[in-house]
Every structure is written in structure tokens, then in C-alpha cells.
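In: Give me a model of this one.
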Amino acid sequence: MDAREDQDDVERVLAGDISAFERIVSRWQGPLINLAYRFCRDRSRAEDMAQDAFLRVYRGLKSWRRDAAFSTWIFAIAMNSYRSELRRLPERTLRLESMDVLASVVAGSVNPDGDRDRAVRSAVFALPVKYREALVLFYFHDMDVTATAKSLGLPEGTVKARLSRGRKILREKLPGFLGEFRLGEAQ
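Out: Residues are numbered from 1 along each chain as shown. Take a look at the predicted model:
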């Protein structure tokens, strides 16, 4: 995504051209819905959560500091919005041991082409929220530790600790599987 386009569109919206916000939504709708989906696992709910996040983004455009990346700022707004939504209507938690895909992984009957990604994503989704948030941003949205920390409103050291602990939990729950599929370490 082009940071310059975001900045130009923000300036246009702040100058009164509301249609410029449509371009922001168009660019960021997919990533924000995908992020919400990783937390709630319900496409319809994810779309509603993203819509609420866009309302917050629109209302907060004046507060975006140009020295921070727009992508980091919009993800932070979305994360805060999603957290609020999930506290309001809690998600169903899944136990790692009870998931069919993960059971097949542990049993060694995983199809390495398709089930591996699904198993890892399912395992990440089953983690406690504080670890899941960090792992989702870092691995699934390709953010570095600094951007992840800014999006979560946490110190970098806390993000590194959560990434490390999240990976440790995954390794414990999926022995043998994650030995060959090594999760990269945070820098």
C-alpha cells in the first residue's frame, strides 16, 4: 500500500472531500476484515467489526500524527475497536487439544500442503488473546516488532515476550510438528 496515497486522502478528507475516505476504505477494507476475522472467526461479525473500526478511523483522522505510519495508526485503531467488541460480546474459546485438525497434526496424519497452515492458524487462534494479538500482527500481517508494539500500544519488550511465550505454547501443544515448521524468532 502506498503511504503517500493514504496521506493525500487523509488531507482531502480533512479539507472536506468526504469521497476521499472511500479510497481509504477501499485500500484498507481487506486487511481490517482479515484482522477482525482472525479474532472472531465469523466473516459477518468481522465485517461489522471492520465497519466500526472505520467509523473510529474517520472520527479520529485529525489525531493521526504524520510522523507515524498510517498503516500502524489504522491497525491500532482497529485493534482497540476489536478488543472492545470482543470484551462486549466474548468469543468462544477453543481448546487446542479438541480441534480435529490439530489432533491429526499431533497424530502425524497431517497433509503437509494444506493442513499445516490451517493447523497453525487454528492453534494461534486458540491462544490467549494477548499472545494471539501479537502473533497475528507479527506473522499474518507481516509487521515488525516496532509496528506490532505501536499497533498494540505496548512496549517492544512486552511484544517480544508475548511472541516468545506464544511460540512456546504452540511448540508445547504441537510437539514434533513445530519442530520441522519453525516459527521465526522476533528480532
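In: burial measure for residue 49, as a count.
Out: 24 (other CB atoms under 10 Å). Backbone N, C-alpha and C define where each C-beta goes, glycine included.
In: residues contacting it?
Out: If you count contacts by CB atoms under 8 Å, 6 or more residues apart in numbering, residue 49 has them with 36, 39, 40, 81, 82, 85.
In: Neighbour-wise, give me the winner out of the residues you listed.
Out: The residue in the contacts of residue 49 with the most neighbours, by other CB under 10 Å, is residue 36 (27 neighbours).
In: list the contacts for that one?
Out: With CB under 8 Å, 6+ apart as the criterion, the residues that contact residue 36 are 45, 46, 47, 49, 50, 53, 78, 82.
In: Now with 7 Å, please.
Out: Residues counted as contacts of residue 36 (CB atoms under 7 Å, 6 or more residues apart in numbering) are 46, 49, 50, 82.
In: Which strands and helices lie in contact with the helix or strand harbouring residue 118?
Out: Counting by DSSP states H and E, the element that carries residue 118 is helix 115-125. Applying 3 or more CB pairs under 7 Å, 6 or more residues apart in numbering; DSSP states H and E, we find helix 115-125 packed against helix 100-107, helix 129-135.
In: Packing partners of the shortest one?
Out: Okay, so that is helix 129-135. Contacts defined by 3+ CB pairs under 7 Å, 6+ apart place helix 129-135 against helix 115-125, helix 145-152, helix 156-173.
In: and residue 145, how many neighbours?
Out: If you count neighbours by other CB under 10 Å, residue 145 ends up with 17.
In: Helix or strand with the lowest mean pLDDT in the protein?
Out: With mean pLDDT, DSSP states H and E as the measure, the helix or strand of the chain carrying the lowest mean pLDDT is helix 100-107 (a mean of 44).
In: Could you list the low-pLDDT ranges of the protein?
Out: Along the chain, segments meeting pLDDT under 70 span 1, 89-116, 175-187.
In: Tell me, domain by domain, which residues of it belong where.
Out: Domain assignment for the chain by automatic domain parsing gives 3-88, 96-180.
In: Contact partners for residue 143?
Out: 137, 151.
In: That one and residue 149: what is the separation?
Out: 9 Å (CB to CB, to the nearest Å).
In: which stretch of helix or strand covers the residue nearest to residue 129 when sequence neighbours are not counted?
Out: Spatial nearest neighbour of residue 129, chain neighbours left out: residue 86 (7.3 Å); criterion: CB to CB, 6 or more residues apart in numbering. If you go by DSSP H and E, residue 86 is part of helix 70-88.
In: Now do residue 119: how many residues are near it, please.
Out: Residue 119 has 24 neighbouring residues, counting by other CB under 10 Å.
In: what does residue 54 give?
Out: Residue 54: 20 neighbours (other CB under 10 Å).
In: For the helix or strand harbouring it, output the C-alpha coordinates as CSV.
Out: If you go by DSSP H and E, residue 54 is part of helix 43-60. Extracted in CSV, the C-alpha atoms of helix 43-60 (Å, rounded to 0.1, in the frame of the first residue of the first chain):
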residue,chain,number,x,y,z
ARG,A,43,-17.0,-13.4,8.5
SER,A,44,-20.2,-11.4,9.1
ARG,A,45,-19.0,-10.3,12.5
ALA,A,46,-15.6,-9.4,11.1
GLU,A,47,-17.2,-7.2,8.5
ASP,A,48,-19.2,-5.5,11.2
MET,A,49,-16.1,-5.0,13.4
ALA,A,50,-14.2,-3.5,10.5
GLN,A,51,-17.1,-1.1,9.8
ASP,A,52,-17.0,0.0,13.4
ALA,A,53,-13.2,0.4,13.2
PHE,A,54,-13.6,2.6,10.0
LEU,A,55,-16.1,4.8,11.9
ARG,A,56,-13.5,5.3,14.6
VAL,A,57,-10.8,6.0,12.0
TYR,A,58,-13.0,8.6,10.3
ARG,A,59,-13.7,10.3,13.6
GLY,A,60,-10.1,10.2,14.6
